[in-house]
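S.K.: Show me how the following folds:
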Amino acid sequence: MKHFLALLLFGLSACNTTPTTNTTENPGAISPSITKVKWRSLDTLDVAGFNADLIPGKPTVDVGVYFPSNFDSRFKKVTLPQLIESLRAAKEIYQPTGVQINLLWVKTGEVDPKHFSIQANEVPGIPETEYVNMYVHSRRHPAELTQHSLDAFNSIIEDAPDNKRTVYLVVLQDVFFPFLEVSEGRNWTMKSVRTGGLSFPGYSYCNTLPSNMRGVITITNLSTPERLRRTVAHELGHKVMNVSHEYKSTHPGHEVYADGGLMLYGDGEDIPSGEAGRWHLERLLLSPYLYKADENGNKTWNPDYKEGGHYYDPLYGDYVVRFDGAAPIDENS
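M.R.: Numbers count the residues shown, from 1 in each chain. Presented below is the predicted three-dimensional model:
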């Protein structure tokens, strides 16, 4: 899907080092000037109705929505009705897998306008070359949030016991994603892409994401029918399947346009299983974001990541694809 999202995989050893400030168990450093947003639930939205079809005992993912109330007047690319419609479409797309979406709440409040637009990541210093595949490269050199992104998410995300298990859909005006691209010969150039949705997935960030924002997904554009139908489902796929833009025989890339699978840029919605399907269904069902609730609402969560959540995390066992790296540069460079 053109311009649907541009997500470069920055990416072995980095995930196994001793984490410092930004770990999966500790919040990121907060700038002194940051204050928490005062959120209020939207009572006009029928959350109970949205969740009326939930069945106890089935795999479920919790989703909370943060929708700022003070956007610039010219920002029209995401409305609350559009976001709820995209969430309903995601429920439909995931229904064949047996996975349910539980909408916890939709909250609104005034966000510091300097956080309406963010650069998601620091510009990477080490480009991908031909020696290992993109997932291994990401494990060695995981992406890192900018301080601006850390401050924005620390102000937006509320403290909760299940922070690292909850998916947060955060609506913003602009989220820019910088990446390195081969320009000519052995030279790389930095580009920055304006995203429509960004999933901040484990395969790219490994253990650099603080626990309170591990579940963040930003949504910035639902203005076309194809975006409206697939954006939330696609971004949720990055988070809960922990795979990039790939499908069956198609290896991952930061932009892969083709039909068929939910995880490609196109109009596909398939979540395949087995080795031929790159284990997408199996990885989904193992996701640490999933739980099963009994009749009383008591949750039994899936096991958490063992090594920060990189693509080859031991959590997934044999449900991985060990493909060769592709050469992005001239063989003589």
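S.K.: quick check: longest helix of the chain.
M.R.: Across the chain, the longest stretch assigned as helix under DSSP state H is helix 225-241.
S.K.: Tell me which strands the following helix or strand past that helix pairs with, and in which orientation.
M.R.: Helices and strands here follow DSSP states H and E; after helix 225-241, the next one along the chain is strand 245-247. Next to strand 245-247 in the sheet, as set by DSSP bridges, lie strand 250-253 (antiparallel).
S.K.: chain center to the partner strand: distance?
M.R.: Between the centre of strand 250-253 and the centre of its chain there are 17 Å (CA atoms, centre = their mean, to the nearest Å).
S.K.: again, but for stretch 114-123
M.R.: So, by CA atoms, centre = their mean, the centroid of stretch 114-123 is 15 Å from its chain's centroid.
S.K.: what's the first-to-last distance across it?
M.R.: 20 Å (CA to CA, to the nearest Å).
S.K.: Could you shift the numbering so residue one becomes 47, and keep it that way?
M.R.: Okay, residue one is now 47; in that scheme the one you just asked about reads as stretch 160-169.
S.K.: for it, which positions count as buried?
M.R.: 161, 162, 163, 164, 165, 166, 167 (16 or more other CB atoms under 10 Å). Heads up, the C-betas are built off the backbone N, CA and C, glycines and all.
S.K.: Tell me which of those residues fall in strands.
M.R.: 163, 164, 165 (DSSP state E).
S.K.: For the last one, give its distance to residue 314.
M.R.: The spacing between residue 165 and residue 314, counted by CB to CB, to the nearest Å, is 30 Å.
S.K.: From the buried residues of stretch 160-169, pick the one nearest residue 232.
M.R.: Comparing the buried residues of stretch 160-169 against residue 232 with CB to CB places residue 167 closest, at 23.6 Å.
S.K.: The closest one is in contact with residue 187, isn't it?
M.R.: No. With contact defined as CB atoms under 8 Å, residue 167 does not reach residue 187; the gap is 11.6 Å.
S.K.: do you know how far the residue nearest to the spatial centre of the chain is from residue 339?
M.R.: Closest to where the C-alpha atoms of the chain average out (CA atoms, centre = their mean) is residue 245, at 1.9 Å. Distance, residue 245 to residue 339, using CB to CB: 24 Å.
S.K.: burial measure for residue 134, as a count.
M.R.: Residues within reach of residue 134, counting by other CB atoms under 10 Å, total 14.
S.K.: wait, what's in contact with it?
M.R.: Going by CB atoms under 8 Å, 6 or more residues apart in numbering, residue 134 touches residue 96.
S.K.: so where's the stretch 47-196 of the chain shaky on pLDDT?
M.R.: 47-76 (pLDDT under 70).
S.K.: Sketch out the helices for it, chain order is fine.
M.R.: 93-96, 126-140, 180-186, 193-202 (DSSP state H, counting those that start in this stretch).
S.K.: can you list the ones you listed in a markdown table and add distance to residue 79?
M.R.: Output for the helices of the stretch 47-196 of the chain, formatted as a markdown table (distance: least, CB to CB, whole Å):
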| stretch | distance to residue 79 |
| --- | --- |
| helix 93-96 | 33 |
| helix 126-140 | 29 |
| helix 180-186 | 32 |
| helix 193-202 | 8 |
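S.K.: Could you say which of those helices is packed most deeply?
M.R.: Highest mean neighbour count of the helices of the stretch 47-196 of the chain: helix 180-186, a mean of 24 (counted as mean count of other CB atoms under 10 Å).
S.K.: tell me what that helix is packed against?
M.R.: Contacts defined by 3 or more CB pairs under 8 Å, 6 or more residues apart in numbering; DSSP states H and E place helix 180-186 against helix 248-251, strand 296-299.
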